[in-house]
Each structure stands twice: as C-alpha cells, then as structure tokens.
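Enquirer: Just to be clear, the model below is a prediction. Sequence and coordinates:
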Amino acid sequence: MAEPASASRRLKRLAHAMGGTLRVTSKPKRGSTFTLSVPVETATRKTIKGPAPSAGAGKARCLKVLCAEDNPYGRVILNTILSEFGHRADFVSSGEAAVEAASRGDYDVILMDVTLSGVDGLEATRRIRKLPGRAGRTPVIGISALGSPEDGARATAAGMNAYLVKPVTPAALADAIASARK
C-alpha cells in the first residue's frame with residue numbers, strides 16, 4: 001500500500017494536471033481533510049450528447065460501463081463522471097479481467113486504460129474483438145496519458161472506437177461514448 005505522503009503527492013499531481021489544486025489540512029488525533037478544486041464545464045443536454053430521453057423519462061438511458069483502470073485516482077474520477085451522467089460502472093484493474101468481464105456481453109461500452117500492467121489495454125481490446133456475438137462488438141474507448149498521433153493510431157488498429165488522452169474531461173468522455181455507440 002502506498003505511503004500517505006506518496007499518495008498525497010500523486011493526488012496533487014493529478015489535481016495540477018486537471019488545472020486544479022489540492023489542499024490538505026491535518027489535525028493530530030483528528031485526521032486529515034483533503035480539498036480538491038478543479039475547473040469543470042457545466043454539463044448541459046447539448047454537452048452530454050447522449051441518447052435523447054424517451055417520452056415520460058426524466059433522463060437519458062443508464063448505460064452499463066466496464067472500466068479497466070488500475071489507478072485508484074483514475075477510478076474515482078471515472079466513477080464520478082459516469083455517476084453524474086447516470087451510468088453504472090464496474091471496475092477491473094487488469095487487461096485479463098477486462099476480457100473476462102467483457103466476454104459476458106452485458107456492457108454497453110468499455111473504457112480501457114491503455115497502459116495496464118500484464119495484458120495492456122491494446123492487447124485486451126484485440127482479445128475482446130475476437131469474442132463472439134455482442135461481446136466482440138461492444139464499443140471500446142481507450143484512455144491514456146500517451147497522446148501522440150501514433151498512440152491514437154495503435155489504439156484504432158487494436159480495435160478501439162475512440163481514444164482519449166488523460167486528464168479526461170466530462171464533455172470529452174460524453175462525446176466519445178455517444179460517438180462510439182452510433
């Protein structure tokens with residue numbers, strides 16, 4: 001398990017990468033308070049671009065999303081964004097687990113970290129594409145800190161429907177999900 005100071009430094013780097021700040025205040029025998037501030041866009045129906053609500057429904061359809069992400073902070077961010085959109089997320093931390101979960105064929109979309117240890121996200125996507133039926137056709141959106149055109153081309157060649165560079169904004173994620181599901 002990571003040391004608290006190390007975890008705090010990583011979270012501060014993540015906050016900075018998102019254009020924000022992290023403030024930590026500690027009191028002996030009382031604990032610590034972490035305050036994360038990051039700028040975000042106000043989500044509107046136009047920004048979200050998901051499926052239109054059906055007649056009488058209050059919001060867009062809840063999607064079942066498989067997230068292959070091995071970083072606990074990345075999981076928190078993805079889960080927060082997806083929850084705000086009304087989607088339900090299941091998390092796995094390896095490419096092997098992503099392929100196994102995807103083989104059940106009950107996900108609407110898969111968010112795949114490209115740089116997983118062991119079987120990476122590219123290889124996991126290639127394996128998912130070989131699955132029979134609906135499971136092999138599930139849209140896969142790659143997510144990575146690697147942002148060169150070559151990285152995006154490798155993702156496409158592996159069978160990913162879209163490729164996002166971290167830090168992922170809610171608007172970019174919503175656009176990628178909507179586009180991948182068309």
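Expert: Structure received. Predicted, not measured: the structure shown is a model, and the values here were computed from it.

Enquirer: can you map out the helices along the chain?
Expert: For the chain, the helices defined by DSSP state H occupy 4-17, 45-48, 72-84, 95-102, 121-129, 133-137, 149-158, 170-180.

Enquirer: looking at these, which is closest to F34?
Expert: With C-beta to C-beta as the criterion, F34 lies closest to helix 4-17 of the helices of the chain, at 7.3 Å. Bear in mind the C-beta positions are built from the backbone N, C-alpha and C, glycine included.

Enquirer: Look at L22 and say how many residues are nearby.
Expert: 18 (other C-beta atoms under 10 Å).

Enquirer: and stretch 67-76, how far apart are its ends?
Expert: Stretch 67-76 has an end-to-end distance of 11 Å (C-alpha to C-alpha, to the nearest Å).

Enquirer: Can you tell me which helix or strand of this structure has the lowest average pLDDT?
Expert: Within the chain, no helix or strand scores below helix 45-48, which has a mean of 48 by mean pLDDT, DSSP states H and E.

Enquirer: Give me the most central residue, this structure.
Expert: In the chain, the C-alpha nearest the mean C-alpha coordinate belongs to L78, at 4.4 Å (C-alpha atoms, centre = their mean).

Enquirer: That one reaches C67, doesn't it?
Expert: Yes. Contact criterion C-beta atoms under 8 Å: L78 and C67 qualify, at 5.3 Å.

Enquirer: Count the neighbours of P132 for me.
Expert: 9.

Enquirer: rewinding a little: and the helices of the chain: which comes nearest V24?
Expert: Nearest to V24 among the helices of the chain is helix 4-17 (6.0 Å), distances taken as C-beta to C-beta.

Enquirer: which residue sits closest to R181 in space, ignoring its chain neighbours?
Expert: In space, and not counting its chain neighbours, R181 is closest to P139: 5.7 Å by C-beta to C-beta, 6 or more residues apart in numbering.

Enquirer: where does the chain have low pLDDT?
Expert: 1-8, 10, 14, 17, 41-60 (pLDDT under 70).

Enquirer: again, only this time at 90
Expert: Scanning the chain for pLDDT under 90 picks out 1-61, 72-74, 105, 117, 147, 166-169, 179-182.
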